[in-house]
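Trainee: A structural model of the following input is requested.
(4 chains)
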There are 2 protein chains.
Amino acid sequence: MIQHSDLSKPVYDAVKAMIKSGVLAPGEKLKQEKLAGQLGVSRTPLMKALQNLENEMLVESRPRRGLYVKAITSQEIIDVYDCREGVECVAARLIIERATDEELLDLKQIFDPFIGKEVIDVSKYTLADEKFHDMLIELTKNATLKKMSELSNIHKRVYQYGLVRLPEETLAEHIRITEALIRRDVRAAESEVRNHIQLSREVLIKNYS
Amino acid sequence: MIQHSDLSKPVYDAVKAMIKSGVLAPGEKLKQEKLAGQLGVSRTPLMKALQNLENEMLVESRPRRGLYVKAITSQEIIDVYDCREGVECVAARLIIERATDEELLDLKQIFDPFIGKEVIDVSKYTLADEKFHDMLIELTKNATLKKMSELSNIHKRVYQYGLVRLPEETLAEHIRITEALIRRDVRAAESEVRNHIQLSREVLIKNYS
DNA sequence: AATTATAATTTTGTATACAAAATACAAAAC
DNA sequence: GTTTTGTATTTTGTATACAAAATTATAATT
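Mentor: Numbering: from 1, shown residues only, chains lettered A, B, ... in the order given. You can find the predicted model right below:
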């Protein structure tokens, strides 16, 4: 027997990937025995992984009935974006209070490779975008906020077919956010963050309804 | 054997109560076999409960070492209050967008029994306070925000020795929040919520440092 | 043929079993 | 007297076992 320190971790990643890729379809029932067999583990670590996914709202439990892949409604996408707005506004304020100039420079540099470019590599920009939002949370050094932010990670499922908006549109917003942070202008930073998320949310509302 | 639909639920409640009351002290190791025995269940539902508590950050896991009751630092209390500020500001905005006048009246009525009173029953007021904040989240009808709010439930541990501030001080704030919501004044509501939480946070910082 | 009742099966929730790792403890070495 | 090393014990992480509930299949009745 291969002795992992925590087998439920790789199982969690695997199931999450299966949900994200659509191998496990929204609404589908997760048959524990079968899924555990496919992954080569027993039900014990699988159930632990599934429970974490339930806490992240990627999976739903109906007691005595089973666990199901959550089918996301357009309303829920909007809801997540409302939450992200709160989380990232707090992040902006905390960063201004706590982050050093060097840290803010690191944040700024994430988008440097794209400035002034005629054509922007979408896959590279997507990664930069994720890195930017992750670093935004990281710089707050607030563990609870990070946990909250992970809850809004449902957006990574939404993003599965690419970015919500084109790089040409969001690049300027990202730069304006960073500049406000560097100026230590709380009001401007919050307003830019709010604007950035609300614009994406509006696009999602249009696309999904 | 008594067949519960989900035994981990009452176990979760029991362990949470034990942590809150101090029966399980901060930093203490949770010996699964022993604890399961005390609660009259096997390790399986206990571990499920403990994992939920870990997700709520009331319990910490050291792989292959065990689970420990989280010892909260004063910094973490501040962190939670920063998060609550974000969550409840979003809640205020969403309520103004979505809640009906009747719902807002229900919210207002929570504090009616205390208005004009010379002496305020602290235990009744504590319950009203909890109900107010819970309803604030409920009225947003945003499931993700509710989950996020549960993460800031650590404050319920902080509250274990009673309210952070006296009813005489917070009653007026609660009323001002509700009135701003009823006026559908987003800016005022957000500002009142922010003020309310920040004042409590400041008291906590003083008491815990 | 449609509906209900009954039996077979699958699946969940919980308990138990067991190997690997961590801890505790005692004896030996310095 | 302290540190080291080896052994016993405990504890964790995972697998398996099993009863109760849920689902499906089959038979019986209208």
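Trainee: got a list of what residue A:148 touches?
Mentor: A:83, A:87, B:83, B:86-87, B:148, B:151 (CB atoms under 8 Å, 6 or more residues apart in numbering or on different chains). Every C-beta, even on glycine, is put in place using the N, C-alpha and C of the backbone.
Trainee: Could you do residue A:175 as well?
Mentor: Residue A:175 is in contact with A:108, A:111, A:115, counting by CB under 8 Å, 6+ apart.
Trainee: same check, this time on residue A:196
Mentor: By CB under 8 Å, 6+ apart, the contact set of residue A:196 is A:170, A:173-174, A:177.
Trainee: Let's see that with 6 Å instead.
Mentor: residue A:173 (CB atoms under 6 Å, 6 or more residues apart in numbering or on different chains).
Trainee: where along chain A do the helices fall?
Mentor: Assigned by DSSP state H, the helices in chain A fall at A:8-21, A:32-39, A:43-55, A:74-98, A:101-109, A:122-138, A:143-151, A:155-158, A:167-182, A:186-208.
Trainee: Kindly reformat the ones you listed as CSV containing mean pLDDT and distance to DNA strand C.
Mentor: As requested, those are exported to CSV (pLDDT from 0 to 100; distance: least, CB to the nearest atom of the strand, whole Å):
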stretch, mean pLDDT, distance to DNA strand C
helix A:8-21, 95, 13
helix A:32-39, 97, 4
helix A:43-55, 97, 6
helix A:74-98, 94, 23
helix A:101-109, 97, 34
helix A:122-138, 94, 28
helix A:143-151, 94, 23
helix A:155-158, 60, 22
helix A:167-182, 96, 41
helix A:186-208, 92, 29
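Trainee: Relative to residue B:198, which of those is closest?
Mentor: Closest to residue B:198 of the helices of chain A, according to CB to CB: helix A:74-98, at 11.1 Å.
Trainee: Report the distance from the closest one to the chain centre.
Mentor: 11 Å (CA atoms, centre = their mean, to the nearest Å).
Trainee: Give me the contact list for it.
Mentor: Contacts with helix A:74-98, where a contact means CB under 6 Å, 6+ apart, come from A:136-137, A:139-140, A:148-149, A:152, A:154-155, A:158, A:181, A:184, A:186, A:189-190, A:193-194, A:197, A:201, A:204-205, A:208-209, B:82, B:86-87, B:90, B:142, B:144-145.
Trainee: got the angle between that helix and helix A:167-182?
Mentor: 40 degrees (axes from the mean of the first three to the mean of the last three CA atoms, to 10 degrees).
Trainee: in helix A:74-98, what's buried?
Mentor: A:76-96 (16 or more other CB atoms under 10 Å in any protein chain shown).
Trainee: what do you get for stretch A:16-30?
Mentor: Result for stretch A:16-30 [16+ other CB under 10 Å]: buried residues A:16, A:18-19, A:24, A:30.
Trainee: so does that stretch get close to DNA strand D?
Mentor: No - contact of stretch A:16-30 with DNA strand D (CB under 7 Å from any atom of the strand) is absent, the minimum separation being 8.6 Å.
Trainee: contact partners of that stretch?
Mentor: A:58, A:66-69, A:71, A:157.
Trainee: So which residues on chain A come close to DNA strand D?
Mentor: Residues of chain A lying near DNA strand D (CB under 7 Å from any atom of the strand): A:1, A:3-8, A:41-45, A:48, A:64-65.
Trainee: still on that earlier bit, out of the contacts of residue A:175, who has the most neighbours?
Mentor: residue A:111 (21 neighbours; other CB atoms under 10 Å in any protein chain shown).
Trainee: show me the contacts for that one.
Mentor: Contacts of residue A:111 (CB under 6 Å, 6+ apart): residue A:174.
Trainee: Please tell me how far residue A:91 sits from DNA strand D.
Mentor: Residue A:91 sits 31 Å away from DNA strand D, going by CB to the nearest atom of the strand, to the nearest Å.
Trainee: Check the gap between that residue and residue A:137 for me.
Mentor: 6 Å (CB to CB, to the nearest Å).
Trainee: Equivalent analysis for residue A:87, please.
Mentor: Separation of residue A:87 from residue A:137 (CB to CB) stands at 7 Å.
Trainee: With residue A:27 instead?
Mentor: Residue A:27 is 30 Å from residue A:137, by CB to CB.
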